[in-house]
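Asks: Sequence plus predicted model, see below.
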Amino acid sequence: ALLALISKDLTGRIKAGELVKEVAAIVGGKGGGRPDMAQAGGPMPDKLPEAIKAVSKIVSGLAGAKS
């Protein structure tokens, strides 16, 4: 299971649903939720370290896309 939380002051730049969707794809899953909180899961827990490492790059990409 994956959980993404974004502080309300940043939801204009980064949406938790978008973040968790991209991270979940790495573990073969899907997810979604609100702009400030989203959940996901996937069937490949062995890919979790790779997914966690990708979070920073994904956040940077999402934040850059909104600028």
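Replies: Perfect, thanks for sending it.

Asks: which residues in the protein form strands?
Replies: 2-5, 30-33, 37-41 (DSSP state E).

Asks: Of those, give the one that comes closest to Ala24.
Replies: With C-beta to C-beta, the closest approach to Ala24 among the strands of the chain belongs to strand 37-41: 3.5 Å. All C-beta spots, glycine's among them, are computed from the backbone N, C-alpha and C.

Asks: show me where pLDDT drops low in the chain?
Replies: 66-67 (pLDDT under 70).

Asks: where along it do the helices fall?
Replies: Along the chain, the segments classed as helices by DSSP state H run 16-26, 48-66.

Asks: Any idea which of these gets closest to Leu10?
Replies: Nearest of these to Leu10, taken as C-beta to C-beta: helix 48-66 at 8.4 Å.

Asks: Show me what that closest one is in contact with.
Replies: Leu2, Gly12, Arg13, Ile14, Lys15, Glu18, Leu19, Glu22, Val23, Ala24, Ile26, Val27 (C-beta atoms under 8 Å, 6 or more residues apart in numbering).

Asks: what do you get if the cut-off is 10 Å, keeping everything else the same?
Replies: 2, 4, 6, 10, 12-15, 18-29, 40, 42, 44-45, 47 (C-beta atoms under 10 Å, 6 or more residues apart in numbering).

Asks: can I have that helix written out in PDB, keeping just the CAs?
Replies: This file holds the C-alpha atoms of helix 48-66, laid out as PDB (Å, rounded to 0.1, in the frame of the first residue of the first chain):
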ATOM      1  CA  LEU A  48       8.900  -0.600  -3.600                       C
ATOM      2  CA  PRO A  49      12.500   0.500  -3.100                       C
ATOM      3  CA  GLU A  50      12.600   1.700  -6.700                       C
ATOM      4  CA  ALA A  51       9.300   3.500  -6.300                       C
ATOM      5  CA  ILE A  52      10.500   5.300  -3.100                       C
ATOM      6  CA  LYS A  53      13.600   6.400  -4.900                       C
ATOM      7  CA  ALA A  54      11.500   7.800  -7.700                       C
ATOM      8  CA  VAL A  55       9.400  10.000  -5.500                       C
ATOM      9  CA  SER A  56      11.700  13.000  -5.400                       C
ATOM     10  CA  LYS A  57      12.000  13.000  -9.200                       C
ATOM     11  CA  ILE A  58       8.300  12.600  -9.700                       C
ATOM     12  CA  VAL A  59       7.500  15.500  -7.200                       C
ATOM     13  CA  SER A  60      10.000  17.700  -9.100                       C
ATOM     14  CA  GLY A  61       8.400  16.900 -12.400                       C
ATOM     15  CA  LEU A  62       4.900  17.500 -11.100                       C
ATOM     16  CA  ALA A  63       6.000  20.800  -9.400                       C
ATOM     17  CA  GLY A  64       7.800  21.900 -12.600                       C
ATOM     18  CA  ALA A  65       4.800  21.000 -14.800                       C
ATOM     19  CA  LYS A  66       2.600  23.400 -12.800                       C
END
